[in-house]
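Novice: Need a 3D model of the following:
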Amino acid sequence: MRFLRRTGGYNLQEALSICEKKQLHREHVYLLGRINLQRKKKLNIQLGRAGNGRLALQIILVQLNDIEEAIKFCRETGDQTLWTILIEQSVNKPGK
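Specialist: Just a heads-up that it's a prediction; the model follows:
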């Protein structure tokens with residue numbers, strides 16, 4: 001993760017593919033967030049509209065099982081749709 005945060009000279013799609021194959025879930029979520037930021041800057045759209053925000057949230061909830069990270073992710077993206085998904089998932093699958 002340190003490398004990904006400090007270095008920007010890598011191909012995001014290739015890095016995303018590697019993280020997905022190696023099941024590096026936190027890194028995968030981080031890269032999805034970077035892709036969303038790029039799209040937001042280029043297209044001036046709300047984060048997560050292209051589907052990557054939803055995928056990242058699913059990884060956080062299902063693979064990492066980290067509700068605090070999910071809340072942080074929703075705050076950072078500012079996408080109301082992700083908050084709705086988080087709430088629905090929480091109601092359908094309450095904490096243990």
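Novice: Please count neighbours and contacts with C-alpha atoms only from this point.
Specialist: Noted.
Novice: what's the burial count for His25?
Specialist: Using other C-alpha atoms under 10 Å, His25 is surrounded by 17 other residues.
Novice: thinking it is in contact with Ile59, fair?
Specialist: Yes. Judged on C-alpha atoms under 8 Å, His25 makes contact with Ile59 at a distance of 6.7 Å.
Novice: Where does the prediction get shaky in the chain?
Specialist: Filtered on pLDDT under 70, the chain yields the residue ranges 35-51, 94-96.
Novice: spatially speaking, which residue is in the middle of it?
Specialist: Closest residue to the average C-alpha location of the chain: Ala56 at 2.9 Å, with C-alpha atoms, centre = their mean.
Novice: With Trp83 as the reference, measure out to it.
Specialist: 13 Å (C-alpha to C-alpha, to the nearest Å).
Novice: for this structure, what spans make up the helices?
Specialist: Using DSSP state H, the helices of the chain run over 2-6, 12-21, 25-43, 52-58, 67-77, 80-92.
Novice: Pick the most buried one from those.
Specialist: The highest average neighbour count among the helices of the chain, using mean count of other C-alpha atoms under 10 Å, belongs to helix 52-58 at a mean of 21.
Novice: how about that one as PDB, C-alpha atoms only?
Specialist: Extracted in PDB, the C-alpha atoms of helix 52-58 (Å, rounded to 0.1, in the frame of the first residue of the first chain):
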ATOM      1  CA  ASN A  52     -16.300   1.600  -9.200                       C
ATOM      2  CA  GLY A  53     -17.500   3.200  -5.900                       C
ATOM      3  CA  ARG A  54     -20.100   0.500  -5.500                       C
ATOM      4  CA  LEU A  55     -17.500  -2.200  -6.200                       C
ATOM      5  CA  ALA A  56     -15.100  -0.700  -3.700                       C
ATOM      6  CA  LEU A  57     -17.800  -0.500  -1.100                       C
ATOM      7  CA  GLN A  58     -18.700  -4.100  -1.700                       C
END
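Novice: which ones are touching Leu61?
Specialist: 67, 70 (C-alpha atoms under 8 Å, 6 or more residues apart in numbering).
Novice: what sits up against stretch 26-36?
Specialist: 1, 4, 12, 15-16, 19-20, 47-48, 50, 52-53, 56-57, 59-60, 64.
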